[in-house]
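Asker: Give the three-dimensional model of this entry:
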Amino acid sequence: MIDWGLTAKIAGGGFGMVFLILAILALIVWIVGLGARRISKSSSRSKEKSQG
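Answerer: Below is the predicted model of the structure:
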């Protein structure tokens, strides 16, 4: 027979793990985006200062 409790536990754990990994990846992408924005702002400011 199939142990439906164990089946639900395994499926729920896998489903939860997928969303956990996606949330971690979204957080990493957001942080990298913030860093990229700061770098591009600082490089554009330095270009303006050297030209102006």
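Asker: what does the average pLDDT come to for the host helix or strand of Gly13?
Answerer: For Gly13, the host element (DSSP states H and E) is helix 4-51. Averaged over helix 4-51, pLDDT sits at 90.
Asker: Next, count neighbours for Lys9.
Answerer: Using other CB atoms under 10 Å, Lys9 has 11 neighbouring residues. C-beta: built from backbone N, CA, C; applies to glycine.
Asker: In contact with it, which residues?
Answerer: Shown in contact with Lys9 (CB atoms under 8 Å, 6 or more residues apart in numbering): no residues.
Asker: Could you report the distance from it to Asp3?
Answerer: 9 Å (CB to CB, to the nearest Å).
Asker: and if you look at Ile24?
Answerer: Taken as CB to CB, the span from Ile24 to Asp3 is 31 Å.
Asker: what do you get for Arg45?
Answerer: Remark: distance between Arg45 and Asp3 (CB to CB) = 63 Å.
Asker: Ser40 now?
Answerer: For Ser40, the distance to Asp3 (CB to CB) stands at 55 Å.
Asker: And for Lys41?
Answerer: 57 Å.
Asker: just Trp30 next, same as before
Answerer: In terms of CB to CB, Trp30 sits 40 Å off from Asp3.
Asker: next one: Val18
Answerer: Distance check for Val18 against Asp3: by CB to CB, it reads 22 Å.
Asker: so how many other residues sit close to Phe19?
Answerer: Using other CB under 10 Å: Phe19 sits among 9 other residues.
Asker: er, Leu20 I mean
Answerer: 10.
Asker: now do Arg38
Answerer: 10.
Asker: distance of it from Ala26?
Answerer: 19 Å.
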